[in-house]
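**Q** Below is the sequence, then the predicted model.
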Amino acid sequence: RQNLLLSATMPPKIRTLARNILHQPEEINISISKPPEKIIQQAYLVYDTQKIPLILHLLKEKEFKAVLIFCSSKLNVKQLTRDLKRNGIKAGEIHSDLEQDSREDILIQYKSGRLPVLVATDILSRGIDIDNIDLVINFDVPHDGEDYVHRIGRTARAEADGTAYTLVSVKEQRKFMAIEKLIGKDVQKMPVPEALGEQPQYNTSQGKSGGPKRKFHQKGTRNR
């Protein structure tokens, strides 16, 4: 008998599962997932309390046609959507608590342009085909590099340009360093607006944060 295990992504848990259920399996990797070069990737080092104010600033600073914001939990999706609406931003949400009909209705509004901002869990990081998304925001750092690649891959489709922002809290720095290692690139670190106060440093030593700082110097953040 011959057994095959196929997966679009191979995070550590899937690799462990394959080795446990298959007998001396041969492994074939088609390619190492990396985001398209045309995506402008930027990261903001923040404290948790700065995330929502920063999102509001970014959405009002520049006009985008279609914005997709990813959160790692349903709770964050619901809270962020409420905060966006309270601040006059038309936004919808998609997560597993919604019935399929409701999800499809929201997607129709989003694709048509009637809903400019969509907040979602990773349920939308794969398998959707929307060509006009010009900004993806990671409200939470994804659990692994493969999820990061799939998330930001929702923009810059069909030869279009795209931008991806990632908000990195102190406790998420270690995960983001692992993502940078996977994609082989130091993502440009951006300063937060002065009105939001000081931001944490990006400490590459064991993923621990140093003291706060007012501005982030761009030295050392160029692409490898």
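**A** Now that the structure is in, tell me what you want to look at. Numbers count the residues shown, from 1 in each chain.
**Q** By mean pLDDT, which helix or strand of the protein comes out lowest?
**A** strand 212-213 (a mean of 56; mean pLDDT, DSSP states H and E).
**Q** quick one: the residue sitting furthest away from the middle of the chain and Ser96, what's the gap?
**A** Centroid-distance maximum for the chain: Arg1 at 40.6 Å, with CA atoms, centre = their mean. Plainly put, Arg1 is 35 Å away from Ser96 if you go by CB to CB, to the nearest Å. (Each C-beta comes from the backbone N, C-alpha and C, glycine too.)
**Q** cool, Asp122 as well?
**A** For Asp122, the distance to Ser96 equals 10 Å [CB to CB].
**Q** Could you report the separation of the residue nearest the centre of the chain from Arg1?
**A** Centroid check for the chain by CA atoms, centre = their mean gives Asn138 as the closest residue, at 3.1 Å. Asn138 is 42 Å from Arg1, where distance means CB to CB.
**Q** Then Gly184?
**A** Shown here: Gly184 relative to Arg1, a distance of 39 Å by CB to CB.
**Q** Please report phi then psi for the residue nearest to the centre of the chain.
**A** phi -90, psi 100 (degrees, to the nearest 10).
**Q** from memory it sits against Phe70, does it?
**A** Yes: here Asn138 lies in contact with Phe70, judged by CB atoms under 8 Å, at a distance of 5.3 Å.
**Q** Mutual contacts of the two, please.
**A** Taking CB atoms under 8 Å, 6 or more residues apart in numbering as the contact rule, Asn138 and Phe70 both touch Arg151.
**Q** and the residue nearest to the centre of the chain, what does it touch?
**A** Counted by CB under 8 Å, 6+ apart, Asn138 has contacts 70, 148, 151-152, 164-167.
**Q** ok, of these, which one's closest to Pro35?
**A** For Pro35, the nearest member of the contacts of Asn138 is Ile152. The distance, counting by CB to CB, is 5.3 Å.
**Q** Excluding chain neighbours, what is closest to that closest one?
**A** In this structure, Ile152 finds its nearest non-sequential neighbour in Ala164, 3.8 Å apart by CB to CB, 6 or more residues apart in numbering.
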